[in-house]
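>>> Mind looking at a prediction? Sequence and model below.
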Protein chains: 2
Amino acid sequence: MTEKQEKIIWSALELFAEFGFDATSTSKVAKKAGVSEGLIFRHFENKEGLLMAIMNQGIERATGYFNEIIKINDPAERIKQALSLPFLIDESENRFWKLIYALKWQRGSYDDSMADELKKSLAEAFNALGYDHPYAEAELVQVFIDGVATEALLKGKASEQLLEIILNKYRLT
Amino acid sequence: MTEKQEKIIWSALELFAEFGFDATSTSKVAKKAGVSEGLIFRHFENKEGLLMAIMNQGIERATGYFNEIIKINDPAERIKQALSLPFLIDESENRFWKLIYALKWQRGSYDDSMADELKKSLAEAFNALGYDHPYAEAELVQVFIDGVATEALLKGKASEQLLEIILNKYRLT
DNA sequence: CATAAAAGTGAGTAATCACTTACAAATGTA
DNA sequence: TACATTTGTAAGTGATTACTCACTTTTATG
């Protein structure tokens, strides 16, 4: 990975996250990266390839977080850590998540597989705790995570009180 | 509102919701509406104006739903109906909500005011029920609504089990 | 009917789009 | 050193973009 290649990816992520993929031209990416426009196509073939390169990089780090939660053996603690996820997002990764959430709504590119393993392991945890509908419970946790992450990414803050309240409802405090 | 004007709005909503605002050209809207491209600009001034016309129409109907919930006097019933909202969305309004949720992630266009009154009335309901943190509880309901609506809009349908479970957590079943 | 306003068209516009190409500079390897 | 490969650039390409304009058709009103 060349220095300029990294610069292109970083600039593209910035712009895609702020203005959207379709509203960001390759010429703007090149300008921001301080690079000729042609270089983008040399390294990434086309605009879509540039997006894929960004996504692959981000997904790698994200699955890292997910796997650490899946690894937790105590079911209650696993659920608690999953619910805490949106509060633990590093600020440096905000741009990536903003892009992920924005892309969900476009181009039929909706792909949930990244969080599937986590959901499965949450269902197992709820099952171990004797819940009646472990899979639906896992889905609810995911809904909460997505909802809080959305609020945090859009409004800049996520109130810790929300986490407290939801943990209370699961009696995990 | 002319017949062709309505046709333009309907076609634009279809395309904006499916492909995104930025990825949809005015020429495609005109073609889908069976209308000359110039007519779009005659009626709506520019592409942004077309979007605003769509939004105003949708927001009007949405606030109608919200106000019916706000009207409910019994606090428990009000909360229950609010939580049920994403399951009551008429299929004909899917496109509008898809557009709303997609636009949230576009720069500058994020506007939460539409649901603000509902949130306030939910906080009052939680307060009447003696909850410790009524405003945060209302926020959690909103997170749930947004999360379930997102799932329903993207994956097709939201499982009724989710509603059951969450109602159970509030002891509203 | 007369005539003005509104609705609608089709052929433009300059700017920008994603992408290509021909070629130069830097780098790796012998 | 020699030379092939990779990295990089500048100036293009045709297609498409949002939008305009000169014009015709339809509708409303006295």
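Nice, I can see it.

>>> in which helix or strand would I find the closest residue to DNA strand D within chain A?
DNA strand D sits closest to A:Gly38 of chain A, with a gap of 2.8 Å, by CB to the nearest atom of the strand. Placement of C-beta: from N, CA and C, glycine included. Using DSSP states H and E, A:Gly38 sits in helix A:37-44.

>>> after the lengthiest helix in chain A, next one along is what?
Longest helix in chain A, counting residues (DSSP state H): helix A:47-71. Using DSSP H and E, the helix or strand that follows helix A:47-71 in sequence is helix A:75-88.

>>> Any idea how many residues pack against the closest residue to A:Leu129 other than its chain neighbours?
Excluding the flanking residues, the one nearest A:Leu129 by CB to CB, 6 or more residues apart in numbering or on different chains is A:Pro75, at 5.3 Å. Neighbour count of A:Pro75, defined by other CB atoms under 10 Å in any protein chain shown: 19.

>>> And A:Lys98, by the same measure?
Counted with other CB under 10 Å, the neighbours of A:Lys98 add up to 20.

>>> what's the distance between it and A:Leu15?
Using CB to CB, to the nearest Å, A:Lys98 is found at 11 Å from A:Leu15.

>>> which stretches of chain A have low pLDDT?
Applying pLDDT under 70 to chain A picks out residues A:107-110.

>>> what residues does it put near chain B?
Within chain A, the positions near chain B by CB under 8 Å from any CB of the partner chain are A:18-20, A:22-23, A:98, A:101-102, A:104-107, A:110, A:112, A:133, A:136-137, A:139-140, A:142-144, A:146-148, A:150-151, A:154-155, A:159, A:161-162, A:164-166, A:169.

>>> one more time with 7 Å
Residues of chain A lying close to chain B (CB under 7 Å from any CB of the partner chain) are A:18-20, A:22-23, A:98, A:101-102, A:104-106, A:110, A:133, A:136-137, A:139-140, A:143-144, A:146-148, A:150-151, A:154, A:159, A:161-162, A:165-166, A:169.

>>> what residue is smack in the middle of chain A?
A:Trp97 (4.2 Å; CA atoms, centre = their mean).
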